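Novice: Task: produce atomic coordinates for the following.
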Amino acid sequence: MSNQNGTLIRTEGLWKSYEIGAEEIHALRGVSLEIQRNEYVAIMGPSGSGKSTLMNLIGCLDTPSRGEYWLNGQSVSELSDDELAHIRNKEIGFVFQTFNLLARATALQNVELPLIYSGTSPARRLEMAQEALARVDLADRIDHRPNQLSGGQHQRVAIARALVNRPSIILADEPTGNLDSTTGSEILALFDRLYQEGNTLILVTHDQSVAGHAHRILTLEDGAIRRDERIK
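Specialist: Numbering: from 1, shown residues only. Okay, here's the model as predicted:
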């Protein structure tokens with residue numbers, strides 16, 4: 001990571017277009033935004049508004065049709081697939097609605113995965129994965145497999161995995177979507193704590209009550225930002 005202050009994400013005129021038959025569909029239409037380090041931002045919008053497309057571009061899972069994207073001062077719009085994979089592994093921690101845990105692996109092994117991809121030594125991997133699980137209050141569950149954990153604990157393991165590389169951004173896509181309201185509230189309280197500890201959080205959600213935990217809400221409609229409001 002570079003300096004601890006200033007702009008973490010900047011986009012200028014991001015477009016994402018798809019050709020379906022003879023028709024061209026514009027999922028994003030010229031999105032320009034800045035997100036500062038240690039911001040807590042929710043991206044909202046109805047289905048088809050472009051929020052998932054924007055998340056995929058911010059997360060380096062996809063590249064724009066045109067426009068520019070800078071992450072940590074580095075232009076990522078023109079990078080190769082290998083370079084994008086490296087940035088995803090190093091700079092971005094992903095938390096998905098479906099948890100995406102390996103069923104036969106322990107909590108510890110699931111959390112270690114990004115460190116294996118980044119070539120971290122086994123001893124350091126163990127230390128970093130234990131530390132990440134402790135941060136999400138699962139230090140006593142490191143040897144449990146997913147079938148021995150509750151839904152909320154699944155998501156905590158997924159969050160620990162997102163945190164383990166100490167990424168610049170935690171990118172969460174509907175992180176409470178598969179959880180009951182009580183467990184969802186616990187996960188949002190954990191996000192609040194991670195934000196207080198200095199993490200940059202970007203939350204993609206259609207749920208206003210979930211978005212209300214963020215400090216800024218970007219609302220997308222028809223592939224463009226319609227509102228950008230600070231709420232805290």
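Novice: what sits against the closest residue to residue 224 other than its chain neighbours?
Specialist: Leaving aside its chain neighbours, residue 224 sits nearest to residue 29 (4.8 Å; criterion: CB to CB, 6 or more residues apart in numbering). The way it works is simple: take the backbone N, C-alpha and C, and place the C-beta from them, glycine included. Contacts for residue 29 (CB atoms under 8 Å, 6 or more residues apart in numbering) come out as 15, 50, 222, 223, 224.
Novice: 7 Å - rerun?
Specialist: Counting by CB atoms under 7 Å, 6 or more residues apart in numbering, residue 29 touches 15, 222, 223, 224.
Novice: neighbours around the last one, how many?
Specialist: Spelled out, it's residue 224. Neighbour count for residue 224, taken as other CB atoms under 10 Å: 16.
Novice: The second one too?
Specialist: Other residues near residue 222 come to 14 when the count uses other CB under 10 Å.
Novice: Could you pull up the contacting residues of it?
Specialist: Residue 222 neighbours (CB under 7 Å, 6+ apart): 29, 49.
Novice: Would you quantify the distance from it to residue 64?
Specialist: According to CB to CB, to the nearest Å, residue 222 stands 17 Å off from residue 64.
Novice: And for the third one?
Specialist: When distances are taken as CB to CB, residue 223 and residue 64 turn out to be 12 Å apart.
Novice: Would you mark the buried spots in the least confident helix or strand in the chain by mean pLDDT?
Specialist: Across the helices and strands of the chain, mean confidence by mean pLDDT, DSSP states H and E is lowest for helix 81-91: a mean of 89. By neighbour count with 16 or more other CB atoms under 10 Å, helix 81-91 contains the buried residues 84, 87, 88, 89, 90, 91.
Novice: who's in contact with it?
Specialist: Helix 81-91 has contacts (CB under 7 Å, 6+ apart) with 59, 60, 71, 72, 76, 114, 117, 118, 165, 167, 168, 169.
Novice: Out of the residues you listed, flag the one nearest to residue 229.
Specialist: Nearest to residue 229, judged by CB to CB, of those is residue 169 at 20.5 Å.
Novice: Name the surrounding residues that touch the next helix or strand after the least confident helix or strand of the chain.
Specialist: Once the chain leaves helix 81-91, the next helix or strand it forms, by DSSP states H and E, is strand 92-95. Here strand 92-95 makes contact (CB under 7 Å, 6+ apart) with 59-60, 158-159, 162-163, 165, 167, 169-172, 175.
Novice: May I have the strands that pair with strand 92-95, each with its orientation?
Specialist: Using DSSP bridges, strand 92-95 pairs in its sheet with strand 169-173 (parallel).
Novice: Low-confidence regions, the protein specifically.
Specialist: Within the chain, the stretches with pLDDT under 70 are 1-5.
Novice: In it, which residue is most central in space?
Specialist: Residue closest to the average C-alpha location in the chain (CA atoms, centre = their mean): residue 171, at 1.0 Å.
Novice: who are the neighbours in contact with residue 76?
Specialist: 60, 69, 84, 87.
Novice: Could you export these as CSV, including distance to residue 135?
Specialist: Converted to CSV, those look like this (distance: CB to CB, whole Å):
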residue, distance to residue 135
60, 24
69, 29
84, 27
87, 23
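Novice: Among those residues, which one lies nearest to residue 22?
Specialist: Closest to residue 22, out of all of those and judged by CB to CB, is residue 69, at 28.9 Å.
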